[in-house]
Every structure is written in structure tokens, then in C-alpha cells.
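K.L.:
sequence and computational prediction follow.
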Amino acid sequence: MKVDYIALSIPIFFILIAVELVYAFYKKLNYYRINDSIANLSQGIGSQLVGIFLKTITFFGYLYIYEHWRFFSFPNTLFTWLLLFMGVDFFYYWFHRYSHQINALWAAHIVHHQSEEYNLTVALRQSWFQSGFSWIFYLPLAFVGFEPIMFLTVSAFNTLYQFWIHTRAIGNMGPLEWVLNTPSHHRVHHGSNPKYIDKNHAGTLIIWDRLFGTFQKEEEEVVYGITTPLASWNPLWANFHYWVELFNTFKNADGLKEKLSVFFGSPGWFPKSMGGRQYPKEIDMDKYQKYSPTYELKFNAYIFFQFVFSLAIASILLFTASKLSAIQLLSNCVLVILGLTSYGALMEQKNWAKTIENFRLFLWLILPFMFYRDVFFIYLLLGNTALVFFSYIWFKRLFNN
């Protein structure tokens, strides 16, 4: 039986985020901003919802190879689990490394690096579409003969390990720094400082970076984010902006070789007609400013309330997906993502933000009535209706529209 360990760990994630948030507040450390944190968590929600549809496809790819083309069959022993752990971590390193070195892969992975903060919410900031190709890197494990459920379990815990290393609250960990991927090592990985770019690709074990020449010790202060800041809280734009940039470059490239190089070259590669390769520049800390529009407290309260509501609906969808029809699941996922997009647009103060928020509230009002099931469900309908009307009045008063 498949167990979604990542979905089951969501409550633990939020408990640890709360602990880090309290610690940062107590120590008066500027680790968190509400707009950045909501943007990070929105990416995580979207990734999990899109993953509902992608996970089955990717799992059956591994399963098919294991059932039809495997070379061996490993017994269910402790040694097999340890060997599989090393294999998963090794191939994760190469998946992660190539995701930084090939534009078509970086276009998805870039989402994880866009935040200009570094806290536990950044761990949840994941690409919506990366899982559509990352599984390919692990297929050698299927050919060798590692059982699919064992593979899913180990790869899930490899991912879970990486949650806690997204923090500035933990410094150097002494001898463990030589073997494990630690917060210090991973802070380097998230840096946009030229000396830190494309370093420390490890999942659990830092030994792969030390072996293959991509290790960098944390030295100077880390500046987080990407070399050209996203400057947006819109989760849709975050997932597609680099593809837009690539296609614009593709249109201006000459000949097939140059056009292919746009997608298979490394980030920073451009045709000679567009100036050739561009290298990251040193960061002037005196001029550096994070993207952070300011809002009134009452505005933050509305966004936070609506976001928590969307988070609750997304959590319900994750745990009830198998009981819903395809149209129920898809329509509710789209509606949650529409909400996340609306909150981002409101935080950016876009001209069209009010229109999309009104549209979202209207859809939340009518959608449940499309899926009437039983008498109990009528109470949910009434509760949802009351919540939508409350939100609508609040939104109208807030923006006087």
C-alpha cells in the first residue's frame, strides 16, 4: 500500500514553522515576512495539488520497468534498505545538479530558489511540475530491482530530511558537516552570491558534493534568491516566468543549434546576437533591497484569513482525493489555485486583482451546489455560503469597491 508520508507530515511541518517563527520573534530576527511566507506556502500547496495528478503517472513508469525489465530482485533486508538509501541519495544529487545546469530543468526547479528569505516555509516552496521529470533520474533503481514501494518510502524520507535544513536558526554542526547535508551547507545552495551558485546539491549526504567537486563551505553572508529577483507573489507567474524568458530567447536565436541550446544550455547562456553568455555579478550589499511592498494590517488580516481557508480546503483535498470524482477533484484544485493567484495579485496591488478576487468568491459560492450528495452535506453548503458572504462583505469594505 502506498503511504503519502509527505502529506502525513504536513501538520509537523507547520508545528516546526511555528516554533521557528516564535524563536525568531523572541530573538528579534527578521527571518519571516508575511507576504514571502504566504507566497512560499502557496507554491507548496500548488505543488501538492498538481502532484495528485502527476504522482500516479510517475509511479507507474517506475513500476512498469520494475515488473518487466528488472535485472535482480532484492530481499527485504536492512542491507537492501541501506543500499537503496545510498542509491536514492546518489541519484537525487545528479537530478538536483542537472536541474541547475540545464535550462529546461531549471525552468521548473527555479521556483524553489526564488524566495529572498531563508526559513522553513522555503522548504515547502516547490515547483508544481518538477515531479513530472525528476522520476526519470531514479529509473536505474527500477532496472536494478528495488521494489517500488520501498523506493517511494526511501525517496519520501529523503525529501522529508531536507525540510529542517532550510533554517538560519542552526549554525555549524561540527563533525556532522563532513558527512551530512546541514543548514549551513544548504544555505550556501540557496545563495545568489556568485561563489555560492550551483554548489551543495546534496539531499541527505554532502559526500557527493565533496566527491564530485561541487562543495562550497559557508563563508561570507548569504544573499538568498535568484540572480534576477522574481519580484512577484503570483504562484502561476513563479512557475512559468522562466519558460517565458526561454521562449523569448528561442524566438531571437539563429539556426537549430542555437535554438536547441536555449533549452539544453545552462542558465546564463544566450546566443551571440544577444550578447553571449552572461555571468552573475557580485552583489552590492549597500544597494541590495528585497522585494517587499508594504500593506496595512487590515489588508494582511484579510489575505491571511483567506489563505488559511484555502490551506484547509487543500488539506481536505489531499486526504480525500481518492473519494472524489475527477471533475470534483479538478474543479476544487483549480479553485484553490485561483485563490492563491488572487492573494498574490492582491499583495502585488495589481489592477486586475479585485476582479479576480470577486470572481473567486462567486465561484466558491456556487461550486459546492454542483456536488450535492446527502443531507449532511447541506450543512457544509450553508457554512460555505455564510463564509463566502462574510468574505465578500469584508472584501468590499476593505477596498471600497
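P.N.:
Thanks, I have the structure now.
K.L.:
tell me the contacts of residue 27?
P.N.:
Listed by CB atoms under 8 Å, 6 or more residues apart in numbering, residue 27 has no contact partners. Every C-beta, even on glycine, is put in place using the N, C-alpha and C of the backbone.
K.L.:
one more: the one 4 residues further on?
P.N.:
Residues in contact with residue 31 (CB under 8 Å, 6+ apart) are 20-21, 24, 117-119, 168-169.
K.L.:
so it belongs to a strand, correct?
P.N.:
No - in this structure, residue 31 is coil, not part of a strand, as judged by DSSP: H, G, I helix; E, B strand; the rest coil.
K.L.:
ok, back up a step: got CSV for the contacts of residue 31, with secondary structure and pLDDT too?
P.N.:
Formatted as CSV, the contacts of residue 31 follow (DSSP: H, G, I helix; E, B strand; the rest coil; pLDDT from 0 to 100):
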residue, secondary structure, pLDDT
20, helix, 98
21, helix, 97
24, helix, 97
117, coil, 98
118, coil, 98
119, coil, 98
168, coil, 97
169, coil, 97
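K.L.:
now the residues you listed: which count as buried?
P.N.:
Neighbour counting by 16 or more other CB atoms under 10 Å classes 20-21, 24, 117-119, 168 among the contacts of residue 31 as buried.
K.L.:
coming back round to it: now the contacts of residue 31 in a markdown table, with distance to residue 65?
P.N.:
Shown next, in a markdown table, are the contacts of residue 31 (distance: CB to CB, whole Å):
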| residue | distance to residue 65 |
| --- | --- |
| 20 | 40 |
| 21 | 43 |
| 24 | 45 |
| 117 | 40 |
| 118 | 37 |
| 119 | 38 |
| 168 | 41 |
| 169 | 41 |
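K.L.:
and these, which two are furthest apart?
P.N.:
Based on CB to CB, the longest span within the contacts of residue 31 runs between 21 and 118 and measures 13.6 Å.
K.L.:
centroid residue for the protein?
P.N.:
residue 126 (0.8 Å; CA atoms, centre = their mean).
K.L.:
looks to me like that one is in a strand.
P.N.:
No - assessed with three-state DSSP, residue 126 is coil; it does not lie in a strand.
K.L.:
next, count neighbours for the closest residue to it other than its chain neighbours.
P.N.:
Computed as CB to CB, 6 or more residues apart in numbering, the closest residue to residue 126 that is not its neighbour in sequence is residue 47, at 4.0 Å. Neighbour count of residue 47, defined by other CB atoms under 10 Å: 23.
K.L.:
assign residue 47 to helix, strand or coil.
P.N.:
Under three-state DSSP, residue 47 falls in the helix class.
K.L.:
picking up where we left off before, test my guess that the residue nearest to the centre of the chain contacts residue 43.
P.N.:
Yes - assessed by CB atoms under 8 Å, residue 126 is found in contact with residue 43 at 6.0 Å.
K.L.:
need the overlap of contacts for these two.
P.N.:
The contact lists of residue 126 and residue 43 share residue 111, where a contact means CB under 8 Å, 6+ apart.
K.L.:
skipping adjacent residues, who's closest to residue 198 in space?
P.N.:
In space, and not counting its chain neighbours, residue 198 is closest to residue 100: 4.9 Å by CB to CB, 6+ apart.
K.L.:
correction: the previous question concerned residue 389.
P.N.:
Using CB to CB, 6+ apart and skipping the chain neighbours, the partner closest in space to residue 389 is residue 365 (7.9 Å).
K.L.:
that neighbour: what's it in contact with?
P.N.:
By CB under 8 Å, 6+ apart, the contact set of residue 365 is 384-385, 388-389.
K.L.:
go on, residue 277?
P.N.:
Residues in contact with residue 277 (CB under 8 Å, 6+ apart) are 268-270.
K.L.:
now with 6 Å?
P.N.:
268-269 (CB atoms under 6 Å, 6 or more residues apart in numbering).
K.L.:
go on, residue 353?
P.N.:
Residues counted as contacts of residue 353 (CB under 6 Å, 6+ apart) are 345-346.
K.L.:
check it and give its pLDDT.
P.N.:
We have a pLDDT of 93 for residue 353.
K.L.:
repeat that for residue 378.
P.N.:
Predicted confidence (pLDDT) for residue 378: 56.
K.L.:
how about residues contacting stretch 336-348?
P.N.:
With contacts defined as CB under 6 Å, 6+ apart, stretch 336-348 is touched by 35, 42, 46, 233-236, 303, 307, 310, 313-314, 353, 356-357, 360.
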